[in-house]
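Chemist: Need the 3D shape of this:
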Amino acid sequence: MRFVKTPVAAQLTGLSTVTLREWTSRRALIPADLPPKGKGSAAGFTWQTILLLRIAVLLRERFHFELQPHQNLFASLKAGFQRTSFIALWGKSLILQGENGWSLVEDEAGPPLAEDAVVLRLQPHLEALSVGFSLPHPTKSLGQLELFPPRSIATPPSENAAAAPVKPHHAAVHARRRSA
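Modeler: All right, here's what the predicted structure looks like:
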């Protein structure tokens, strides 16, 4: 199981580190998977917890939900996400039905809703997690996973431009032979 630390979690969720710590530690709205070992140490987060935090951010910022009353819903969602594979969530939407009720439905063939609900598309969140955690992205052929998912490498552009060109190995060999 892969974990990201607090700075990466803050980047993936769009929360400040102060708000992230408040939600995961002080208020324990959505607890971290690995709590910090002490003052100054970072907490560890799985992709399921980051997905849940992204959903909480969306509910708070776009729909102006008060999150604390929904703490039991978040615990239920976290348990459900832990039983579901990352790939199985692609192409699905999350339906929040009130209280602690929720379900996952296919985006294309979702059943008509019999009652009021909040529908959240998971696709944009899963795409961000795919890059942030180097998780597989479904391919066009069904049943086939990527052998080596791409890894995100954060390199400042100035380092790439200032890097000296690397000599080919054979040029270094010829240089040694001439000096001998």
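Chemist: In which helix or strand does the residue most central in space within the chain reside?
Modeler: Central residue of the chain (C-alpha atoms, centre = their mean): residue 129, 3.1 Å from the mean position. Take DSSP states H and E as the rule and residue 129 turns out to sit in helix 123-132.
Chemist: for that helix, which positions count as buried?
Modeler: When burial is assessed from 16 or more other C-beta atoms under 10 Å, helix 123-132 yields the following buried residues: 125-126, 128-130, 132. No exception for glycine: its C-beta is placed from N, CA and C like everyone else's.
Chemist: could you say what helices and strands that helix packs with?
Modeler: Contacting helix 123-132 under the criterion 3 or more C-beta pairs under 8 Å, 6 or more residues apart in numbering; DSSP states H and E are the following elements: helix 6-13, helix 47-61.
Chemist: could you dump that helix to PDB, C-alpha only?
Modeler: C-alpha atoms of helix 123-132 as PDB (Å, rounded to 0.1, in the frame of the first residue of the first chain):
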ATOM      1  CA  GLN A 123     -13.400  10.700 -12.900                       C
ATOM      2  CA  PRO A 124     -11.600  14.000 -12.400                       C
ATOM      3  CA  HIS A 125     -10.500  12.900  -8.900                       C
ATOM      4  CA  LEU A 126      -9.300   9.500 -10.100                       C
ATOM      5  CA  GLU A 127      -7.300  11.100 -12.900                       C
ATOM      6  CA  ALA A 128      -5.500  13.300 -10.300                       C
ATOM      7  CA  LEU A 129      -4.800  10.300  -8.000                       C
ATOM      8  CA  SER A 130      -3.600   8.300 -11.000                       C
ATOM      9  CA  VAL A 131      -0.800  10.800 -11.500                       C
ATOM     10  CA  GLY A 132      -0.200  11.600  -7.800                       C
END
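Chemist: Quick check: mean pLDDT of it?
Modeler: For helix 123-132, mean pLDDT is 88.
Chemist: and if you look at stretch 51-68?
Modeler: Mean pLDDT, computed over stretch 51-68, is 94.
Chemist: Mind listing what's buried along that stretch?
Modeler: For stretch 51-68, a neighbour-count test (16+ other C-beta under 10 Å) marks 51-59, 67 as buried.
Chemist: Alright, I will stop here.
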